[in-house]
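Participant: Below is the sequence, then the predicted model.
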Amino acid sequence: MQQGPDYRYVFVCGLHRSGTSLVARMIADLPGVGAITGAAVPENEGAYLQGAIPHHALSGIPMHFATDPQQHMTEGHPLDRLETRQRLENDWGPWYPSSCRWRVEKSPVNLTRMRLLQQLFPMAHFVIVLRHPEAVAAAVAKWVDTPAPALIDHWLDAHDRVGQDLSYLHAVSVVRYEDLVRNPARIRAGLAAFLDIALTGSSGEVIRDGNKDYPNAPEISPSQATRATMWGYRPQCRVDATWPPLIRHPLRDIREGVEKVFKVLK
């Protein structure tokens, strides 16, 4: 009987400018985790290094892809087959260390591919990164011509879909950028607990609050604010400190361990 690989994938997912690269680096810094490095592609994103799932100029467009029905890939998708997994493994394999317990892969488009990726890699874990919609709208404004209210609507629509997808995922943790910059050591500990990794040492990366770069960020409307409260976000880039952490895991000990770490944030 053929034995499967002795590593698992952790996919980092989130809209552009949400802090996915920061979270991916934090995970990659944990013991036993390997990451894609030195690739001549944006942010070492694995989506550009594989040919199994078509990725072209219309894929992953900032503030567009996450609500594009064609890019929402789930169970039963035409690419939900063994050949897709084998091609991904072959294309990604050379970019990872030969021995690591976890392989972290960060591409924004993972946000709409989580359910397909879980079908291809049943033991995969997912980390979804959120950032206040006002800050995201301000941060991506230099990339797109879309008016700020429409950018915020896109954020809300995209995360409505994420909320629907969450119930289909076996192992997923939601991390808010604002919690990370407020207490990076605690978030790092929570991520380690989620991956069942014993922490050693501390992260050497200096983390600053990028939301402070946008003091004049567009403010969400009252109707938008109502929808954003699901994720603990308030107008004027305010964050609800009592927002409960979102964690799903098939093992109760790990789930409760992550919840215990994240609750210290309150």
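Facilitator: Cool, got the structure.
Participant: who's in contact with stretch 18-28?
Facilitator: 10, 12-14, 33-35, 43, 102, 104, 106, 108, 127, 129-131, 136, 175, 177, 180, 184, 187-188, 191, 195, 203, 205, 207, 210 (Cβ atoms under 8 Å, 6 or more residues apart in numbering). Every C-beta, even on glycine, is put in place using the N, C-alpha and C of the backbone.
Participant: What subset of those is buried?
Facilitator: Buried members of those, scored by 16 or more other Cβ atoms under 10 Å, are 10, 12-14, 33-35, 43, 102, 104, 106, 108, 127, 129-131, 136, 175, 177, 180, 184, 187-188, 191, 195, 207, 210.
Participant: Going along the chain, name the strands of the chain.
Facilitator: Taking DSSP state E as the criterion, the chain carries its strands at 8-13, 33-35, 102-106, 125-130, 172-176, 233-234, 238-239, 246-248.
Participant: Mind telling me which of those strands the model trusts least?
Facilitator: Mean pLDDT per stretch puts strand 246-248 lowest among the strands of the chain, at a mean of 93.
Participant: how close does the closest residue to Asp160 other than its chain neighbours get to Ile152?
Facilitator: For Asp160, ignoring the flanking residues on the chain, the nearest one in space by Cβ to Cβ, 6 or more residues apart in numbering is Arg227 at 7.5 Å. Distance of Arg227 to Ile152, given as Cβ to Cβ, to the nearest Å: 9 Å.
Participant: Those two: which has the busier surroundings?
Facilitator: Ile152 (26 against 19; other Cβ atoms under 10 Å).
Participant: okay, now the residue nearest to that one when sequence neighbours are not counted: neighbour count?
Facilitator: Closest residue in space to Ile152, ignoring its immediate chain neighbours: Pro133 at 4.8 Å, by Cβ to Cβ, 6+ apart. Using other Cβ under 10 Å as the criterion, Pro133 is surrounded by 29 other residues.
Participant: Kindly report the same for the one 4 residues further on.
Facilitator: Ala137: 27 surrounding residues under other Cβ under 10 Å.
Participant: Please enumerate the helices of the protein.
Facilitator: 20-28, 82-92, 114-120, 133-140, 148-166, 177-182, 184-194, 222-228, 252-263 (DSSP state H).
Participant: What's the local residue count around Asp153?
Facilitator: Asp153 has 21 nearby residues by other Cβ under 10 Å.
Participant: residue contacts, the nearest residue to it once chain neighbours are set aside?
Facilitator: Computed as Cβ to Cβ, 6+ apart, the closest residue to Asp153 that is not its neighbour in sequence is Gln224, at 7.1 Å. By Cβ under 8 Å, 6+ apart, the residues touching Gln224 are 133, 149, 152-153, 156.
Participant: closest to His72 among the residues you listed?
Facilitator: His72 lies nearest to Leu156 out of the contacts of Gln224, by Cβ to Cβ, at 15.9 Å.
Participant: Tell me the spacing between that closest one and Pro149.
Facilitator: Applying Cβ to Cβ to Leu156 and Pro149 gives a distance of 11 Å.
Participant: Also Arg25?
Facilitator: 32 Å.
Participant: Arg115 now?
Facilitator: For Arg115, the distance to Pro149 equals 29 Å [Cβ to Cβ].
Participant: swap in Leu30?
Facilitator: Look at Leu30 and Pro149: by Cβ to Cβ, they are 39 Å apart.
Participant: quick one, which of the two is more surrounded?
Facilitator: Ranked by neighbour count (other Cβ under 10 Å), Leu30 and Pro149 place Leu30 first, with 20 against 14.
Participant: Name the nearest residue to the more buried one, ignoring sequence neighbours.
Facilitator: Ile197 (5.1 Å).
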